[in-house]
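Peer 1: A predicted structure for the sequence below; I have some questions about it.
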Amino acid sequence: MLNFKKNWKTLLAIMVFLGLFVALGFLRDYLFVNINCQLAYLYYDYSQSCLDKNLYELRIWAYEDLMDLKWHLTTLFSILYLLLSLATLYALFNNKQYLLWTIAGYLGVALLSGFLYMGGNIIGFPYEGYRIARICMGVLQSPLPLMVLIPAFKLTK
């Protein structure tokens, strides 16, 4: 028989985590779209920036500083998505081995991304290396790993 009290708590936790995933996604998108807008304004010397008024302080930042900010935000959001994924998996499975596999997967994709980025620069294809690395890091900044891991862990039972 199902333990209603335990299932109710798990369902509530999953709903909270889902809300956090959505909020984090909107925040990430808002920040990166605006930073990219300002980068385009600076790079192409547009007559007007489309930067949101709430991020007005970024207007005085130099191009290189905004690029550095994007790298820092990429790291931050990857870590936040990892933590949220770990919390979700813990609520669903309560299995520490699954958490370790998840951390290993995130680290593996982040390292692969770094190798692709550096490798593209080394072999003379910096744009292609950056583009593929950006896709890999984009995966880590989304619920996609969780969408793969939940069914995978369900199948291991």
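Peer 2: Everything's here; your move.
Peer 1: residue contacts, the residue positioned nearest the centre of the chain?
Peer 2: Nearest residue to the geometric centre of the chain (C-alpha atoms, centre = their mean): Q141, 1.3 Å. With contact set as C-beta atoms under 8 Å, 6 or more residues apart in numbering, Q141 has these partners: 28, 74, 77-78, 81. All C-beta spots, glycine's among them, are computed from the backbone N, C-alpha and C.
Peer 1: Okay, and which of those residues map to helices?
Peer 2: The helices, defined by DSSP state H, take in 28, 74, 77-78, 81 from those.
Peer 1: quick one, helices of the protein?
Peer 2: Under DSSP H, the chain gives helices at 4-44, 63-93, 96-122, 126-140, 144-156.
Peer 1: Reformat those as a markdown table; add mean pLDDT, mean neighbour count and distance to Y56.
Peer 2: Formatted as a markdown table, the helices of the chain follow (pLDDT from 0 to 100; neighbours: other C-beta atoms under 10 Å; distance: least, C-beta to C-beta, whole Å):
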| stretch | mean pLDDT | mean neighbour count | distance to Y56 |
| --- | --- | --- | --- |
| helix 4-44 | 93 | 14 | 10 |
| helix 63-93 | 97 | 16 | 14 |
| helix 96-122 | 97 | 15 | 31 |
| helix 126-140 | 96 | 16 | 27 |
| helix 144-156 | 96 | 14 | 33 |
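Peer 1: and of these, who's closest to L55?
Peer 2: helix 4-44 (5.1 Å; C-beta to C-beta).
Peer 1: Return the list of helices and strands in contact with that closest one.
Peer 2: helix 63-93 (3 or more C-beta pairs under 8 Å, 6 or more residues apart in numbering; DSSP states H and E).
Peer 1: got the angle between the helix it packs on and helix 126-140?
Peer 2: On the basis of axes from the mean of the first three to the mean of the last three C-alpha atoms, to 10 degrees, helix 63-93 is oriented at 30 degrees to helix 126-140.
Peer 1: Show the secondary-structure elements that helix 63-93 is packed against.
Peer 2: helix 4-44, helix 96-122, helix 126-140, helix 144-156.
Peer 1: okay, those in a markdown table with distance to E64 next?
Peer 2: Conversion of those to a markdown table gives the following (distance: least, C-beta to C-beta, whole Å):
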| stretch | distance to E64 |
| --- | --- |
| helix 4-44 | 10 |
| helix 96-122 | 17 |
| helix 126-140 | 15 |
| helix 144-156 | 30 |
